[in-house]
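**Student:** using only what follows, build the 3D model:
(chains A, B and C)
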Amino acid sequence: MTNSKQTTKTTYQLPIGPIHPALKEPVMFEFEIEGERIIDADVILGHVHRAIEWTGMRRNPIQIIYLAERICGICSFVHPFAFVRAVENAVDIEVPERADYLRVVHGELERICSHMLWAGVAAHEIGFDSVLFLTWEMREKALDLTEFLTGNRITKGIMTIGGIRRDITKEHLPKINETLKYLKDNFEKLRKVFLDDKTFIMRSKNCGILTYDDALKLCAVGPTTRASGVKKDVRVDQAYAAYSDLDIKHMTPDILTGEVNGDVYDRIIVRLLEVKQSIELIEQAIDQIPAGDLMSEPKIPKLLNYIKKTPGEGIGRDEAPRGEVIHYVKFDGEHEQPYTWKVRASTYNNILPWIPMLKGEQIADIPIVAASTDPCMSCTNRVTVIEKNKKHILNKEELHQLSVKKSRRLMK
Amino acid sequence: MTKEKPKKEKEKLDAEGLVKYFKDEFKTKIKSSEIKKRKTGAKKKEFINIWMKIDKSIFKKAIKHLCDYQFPHLAVVSGNDLGKTIELIYHFSIDFGGRLEEISLNIAVEIPKNKPEIETICDYIPGALITEREKQEMLGVKVIGIPDDRRIFLPDDFPKDIYPWRKDEKGMEKYIRNLHEVKKNDKQ
Amino acid sequence: MKLSMLPQVLSQMFKKPWTNQFPAKYTPNNTTQFLKDVEAGKAKIKPPIETPKGFRGKIKYDKEKCIGCKLCIRVCPCEAIEFKEKEKKIKIYVARCCFCSQCNDVCPTKCLSMGDEFLLADTDKHSKNLIVE
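**Tutor:** Sure thing, here's the model as predicted:
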């Protein structure tokens, strides 16, 4: 090693992934590291490719709705929603007004559940396990409400082409109001823990910065890009479902603090503000909901025959908790299976921004920076550190301990 | 012209104005354009989709023309296999930031199957890297000038000449087991 | 500051846990032995929380009303329904079912409905409990 007269310092490669505790998606990173600082990063994908689009091109549109629901467990309302919008735009099916408002209610409820889950995971990465249990207890109440309204906690199964399958009646209203009141009362507790706590501020300020220019050029989406100051939100920019009638605006960090930095702390602020906004949107939607039908065509064989005869192509865009989701569908007018179906989930646009965010950071910050963009899938075990000729294998607990130890050091 | 004025004072074009902006520059190379408007919600606000088909020879200049107006947001590139040609559709959206002002712009380019090549747009829009790599491996399109040539979603030992989205002999038909037959034996 | 979670943690020490302790307070060492004890009357299972109305559990099939139109087979996303040619009735494999209830909506005579059974784990996917006909 250092026996020769002139010693040279070189960087070494650290592969992280494909399966890793901090990343909820099986993604492989390769970092070039000098000491504890990251010099360069590279991202390799493809580990959970399930050929969903190819499978979908062989099924009729009603079956594809349930296939689209299982693309992602947390975004299980937005994928069927975007697909159904694409089909409605392609073959010109009108949606009744009551269905538009009900779709808003379910979409916002899912956004609350997803942001609560993210808040717990982010706290766990920093080392604050008691906050994890606090946020997930709040999430359980929201999931109970989902089960009451739709029949299941996660895969809701209430979307159909031309409307929605289940209604919200007067009997459901007391429970909805009770859950919203509980969430509003506890929101202040959550805000104090996340934004005023010294540990959170020290770990997350000036960490993982994404500048305005980078966010614009790399086409980032969702809270990741709103935290850097770029105002992109499909609900505000384009008219879809009933959002065009409700009072909604872009959530950027300067609403709360007055300045925009683009670091992890700003992303926490944006997500907490969005939870508050979702609660208000649900209340507005339930107040203004008009009476009417639920579906424009309740008889399904008639609907499928209509789709079989009409050629056309269309896109459907939607705002998931993580960003923009877009589906493209093309029908050729002879079969009921679509000719082409293209899905683009929101995390794919948020992967390229990881590279400028991670340059210059320390290894112990990788979990919190990667988790702050909220990548969308499940997580587990090992990391291999190759140091010259020796191989150490860090398992899940050890990497997590690195992150927790840094918190303890900062707290002293 | 508008190029001398600073960016803030550029006027926003509506859908017809945008189509005219392209047609003035490229005239007949724009093969067709269609504006679709649909209404939604109780107050019946509308959203606008523009579908344009352009010729392959002016593709890169058209993208630069769009970036001069306003830096767009590239959502994704989708592809169709149409028999003798492959059609690539670039889904952009512009005029974000306001309230209900955004326009979705979809630009379709057709390339022949015996020479499937297209230029990259990564030098104008760096965020297009992942979606261009996906088209290379799924449809067999060669993107000229792409900074990173590796496969992105398919594994490295996947056979080289098979493109999953194609519907001709280079598609996936030989490589799947018919799962229905397996299911029948299982059930009985 | 550092103590922002401390009041919450202290108050939690005196409250009952929010989790419903189903089936027993502590995990039994031997699950099959536990089930035998329950049958013999030596141990009791705490019941799960009631499912809400409209919960999508195991499917229920009314054989008399079925007319054999095969619409449910056309829309099932999991291909969990099989047609019995001679009798013109259907057979549903619950092991493949994804509980979407789309077949309920499509049926013209409304002979299918979702029950509220959800404890369906089994070692054999074609056992009597998991086939409805």
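
**Student:** who touches the closest residue to chain A within chain B in this structure?
**Tutor:** Per Cβ to the nearest Cβ, B:G127 is where chain B lies closest to chain A, at 3.3 Å. Quick note: C-beta positions are derived from backbone N, CA and C, even for glycine. Applying Cβ atoms under 8 Å, 6 or more residues apart in numbering or on different chains to B:G127 gives the contacts A:217-220, A:349, A:352, B:74.

**Student:** can you give me the buried ones in stretch B:114-127?
**Tutor:** Buried residues in stretch B:114-127, counting neighbours by 16 or more other Cβ atoms under 10 Å in any protein chain shown, are found at B:116, B:118, B:120-122, B:124-125, B:127.

**Student:** could you export these as CSV, including pLDDT and secondary structure?
**Tutor:** Putting the buried residues of stretch B:114-127 into CSV (pLDDT from 0 to 100; DSSP: H, G, I helix; E, B strand; the rest coil) gives the following:
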residue, pLDDT, secondary structure
B:P116, 87, coil
B:I118, 89, strand
B:T120, 89, coil
B:I121, 89, coil
B:C122, 88, coil
B:Y124, 89, coil
B:I125, 89, coil
B:G127, 85, helix
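
**Student:** I'd like to know how far the closest residue to C:I49 other than its chain neighbours sits from C:E82.
**Tutor:** Among residues not flanking C:I49 along the chain, C:N20 sits closest, at 5.4 Å (Cβ to Cβ, 6 or more residues apart in numbering or on different chains). Note on C:N20: its distance to C:E82, by Cβ to Cβ, to the nearest Å, is 38 Å.

**Student:** between the two, which is the more surrounded one?
**Tutor:** The residue with more neighbours, out of C:N20 and C:E82 and counting by other Cβ atoms under 10 Å in any protein chain shown, is C:E82; that gives 16 against 9.

**Student:** show me where the stretch 1-150 of chain A has its strands.
**Tutor:** Ranges of strands within the stretch 1-150 of chain A are A:12-16, A:28-34, A:37-44, based on DSSP state E, counting those that start in this stretch.

**Student:** looking at these, which is nearest to chain B?
**Tutor:** Of all the strands of the stretch 1-150 of chain A, strand A:37-44 sits nearest to chain B, with 8.0 Å by Cβ to the nearest Cβ.

**Student:** pretty sure C:C72 is touching C:I90, no?
**Tutor:** Yes: the pair C:C72 and C:I90 passes the contact test of Cβ atoms under 8 Å, sitting 6.8 Å apart.

**Student:** so what sits against both of these two?
**Tutor:** Jointly contacting C:C72 and C:I90 under the rule Cβ under 8 Å, 6+ apart are C:I81.

**Student:** and the stretch 51-200 of chain A, which residues reach chain B?
**Tutor:** Where proximity means Cβ under 8 Å from any Cβ of the partner chain, the interface of the stretch 51-200 of chain A facing chain B comprises A:51, A:53-54, A:89, A:95, A:97, A:100-101.

**Student:** state the mean pLDDT of the helix of greatest length in chain C.
**Tutor:** Ranked by number of residues, the top helix in chain C under DSSP state H is helix C:31-40. Confidence for helix C:31-40, expressed as mean pLDDT, is 80.

**Student:** could you pull out the helices for the stretch 101-250 of chain A?
**Tutor:** Taking DSSP state H, counting those that start in this stretch, the helices of the stretch 101-250 of chain A run over residues A:129-150, A:173-196, A:198-204, A:212-217, A:223-226, A:234-237.

**Student:** who touches the residue lying closest to A:E336 once chain neighbours are set aside in this structure?
**Tutor:** The shortest distance from A:E336 to any non-neighbouring residue, by Cβ to Cβ, 6+ apart, is to A:K308 (4.2 Å). Contacts of A:K308 were listed using Cβ under 8 Å, 6+ apart, and they are A:333-336.

**Student:** and for C:D37, the neighbour number?
**Tutor:** Counted with other Cβ under 10 Å, residues neighbouring C:D37 total 14.

**Student:** model confidence score at the residue of the stretch 201-350 of chain A found nearest chain B, please.
**Tutor:** Ranking the residues of the stretch 201-350 of chain A by distance to chain B (Cβ to the nearest Cβ) places A:C219 first, at 3.3 Å. A:C219 carries a pLDDT value of 88.

**Student:** now do the contacts for it.
**Tutor:** Going by Cβ under 8 Å, 6+ apart, A:C219 touches A:349, B:73-75, B:125, B:127-128.

**Student:** likewise for A:F83?
**Tutor:** For A:F83, the contacting residues are A:64-65, A:68, A:316, A:327, A:329, A:341, A:343, by Cβ under 8 Å, 6+ apart.

**Student:** residues from chain C in reach of chain A?
**Tutor:** Taking Cβ under 8 Å from any Cβ as the criterion, the neighbours of chain A within chain C are C:1-2, C:4-5, C:8-9, C:18, C:52, C:54-56, C:71, C:74-78, C:98-102, C:105-106, C:114.

**Student:** from A:F331, how far out is the residue nearest to A:E336?
**Tutor:** A:K308 sits 8 Å away from A:F331, taking Cβ to Cβ as the criterion.

**Student:** same check, this time on A:T199
**Tutor:** As judged by Cβ to Cβ, A:T199 and A:F331 stand 54 Å apart.

**Student:** and those two? Which one has more around it.
**Tutor:** Summary of the neighbour comparison: A:T199 and A:F331, criterion other Cβ under 10 Å, with A:F331 having more neighbours (23 against 18).

**Student:** show me the shaky parts of the chain.
**Tutor:** You didn't say which chain, so I picked chain A. Regions of chain A meeting the criterion pLDDT under 70 cover residues A:1-5, A:20-26, A:46, A:48-49, A:376-412.

**Student:** switch to chain B, that's the one I care about
**Tutor:** Scanning chain B with the threshold set as pLDDT under 70 gives B:1-11, B:170-188.

**Student:** can you pull out the strands in it?
**Tutor:** Here chain B has its strands, by DSSP state E, at B:30-40, B:45-54, B:73-81, B:85-94, B:103-112, B:117-119, B:142-144.

**Student:** what's the longest one packed up against?
**Tutor:** Same thing as strand B:30-40. With contacts defined as 3 or more Cβ pairs under 8 Å, 6 or more residues apart in numbering or on different chains; DSSP states H and E, the packing partners of strand B:30-40 are helix B:15-26, strand B:45-54.
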